[in-house]
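Asks: Give me coordinates for this.
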Amino acid sequence: MTGPPGGTPIAALILDFDGLIVDTETPAYEEWRALYRRHGHDLSVDLWQHALGTHDGFDPCAHLEALIGAPLDKDAVEAEVAARHRARCLEEPLRPGVEALLDAGDSLALPRAVASSSSGAWVEGWLGRHGIRGRFAAVCTRDDVTRVKPAPDLFLLAATRLGVPPEACLVFEDSPNGIRAAQAAGMRCVAALNALTRGLVLPGPDLVVQSLAELPLREVLRRLDATRSS
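Replies: Down below sits the predicted model:
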């Protein structure tokens, strides 16, 4: 464990999945944006951000129907976009810095969990595909809770499963909704940005990095300690 004098030591790490471990978010946005353009409209990142890090935060079908003034075959549209999205995600590697973060967590004996607003099948499937499922002591998804991010439930469940108090957990997130959830859970939060979230206004994370590869975990912890000690 590591932490500032007089503060709660960091005893565990909790990672988001989509956009943080694998960039599944950019392909999703780009496929929906392509559909919008086929109908003569555009989909801004400012609007799409309401879909990031949560579930049912934004309904692109309903929004596009309102723009074009005509109904869409929702099931067919969502199935088409989902198929294109998954095909693109198959080409996505682990995001830079993920494996180094996991290695550093091992060296510091910090147990880890994933907390994601996506389904269990989605998250478990990709973790398994990339060969890192065994590096997490727990995986918490929307199947496990009543409320997803920005509510704190997923992070609180992860802390419980890790056997660590919330204030001793450090969260790595990429979206405003995820950061809000970590804050509501009483956890420190590092925002590791991606192509979609880099231009968004963030709700005051403890530290911002351009990717997980920007700083080693020990330096992240040192900077958080310095911030809390000042």
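
Asks: burial count for the residue nearest to Leu15 when sequence neighbours are not counted?
Replies: Closest residue to Leu15 apart from its sequence neighbours, by Cβ to Cβ, 6 or more residues apart in numbering: Phe172 at 4.9 Å. C-beta coordinates here come from the backbone N, C-alpha and C atoms, glycine included. For Phe172, the count of nearby residues is 26 (other Cβ atoms under 10 Å).

Asks: I'd like the distance between Phe172 and Thr197.
Replies: Look at Phe172 and Thr197: by Cβ to Cβ, to the nearest Å, they are 13 Å apart.

Asks: got it, and Gly40?
Replies: From Gly40 across to Thr197, the span is 27 Å (Cβ to Cβ).

Asks: for Arg218, same thing?
Replies: Separation of Arg218 from Thr197 (Cβ to Cβ): 25 Å.

Asks: Those two: who's more crowded?
Replies: Ranked by neighbour count (other Cβ under 10 Å), Arg218 and Thr197 place Thr197 first, with 24 against 12.

Asks: give me phi/psi at that one?
Replies: With angles defined as degrees, to the nearest 10, Thr197 sits at phi -90, psi -10.

Asks: Contact partners for it?
Replies: Gly19, Gln49, Leu52, Asp174, Ser175, Pro176, Ala191 (Cβ atoms under 8 Å, 6 or more residues apart in numbering).

Asks: what's the farthest-apart pair in those residues?
Replies: Gln49 and Ala191 (13.3 Å; Cβ to Cβ).

Asks: Among those two, which residue is more densely surrounded?
Replies: Using other Cβ under 10 Å, the more surrounded residue of Gln49 and Ala191 is Ala191, with 25 against 21.

Asks: In the helix ranked longest in the chain, which residues are buried?
Replies: Ranked by residue count, the top helix of the chain under DSSP state H comes out as helix 74-89. Within helix 74-89, the residues scored as buried using 16 or more other Cβ atoms under 10 Å are Val77, Val81, Arg84, His85, Arg88, Cys89.

Asks: Hmm, Glu124 is touching Val139, no?
Replies: Yes - applying Cβ atoms under 8 Å, one finds Glu124 in contact with Val139, separated by 6.2 Å.

Asks: list residues touching both of the two?
Replies: Counting by Cβ under 8 Å, 6+ apart, the shared contacts of Glu124 and Val139 are Arg133.

Asks: so what's Glu78 scoring on pLDDT?
Replies: Looking at Glu78, its pLDDT stands at 96.
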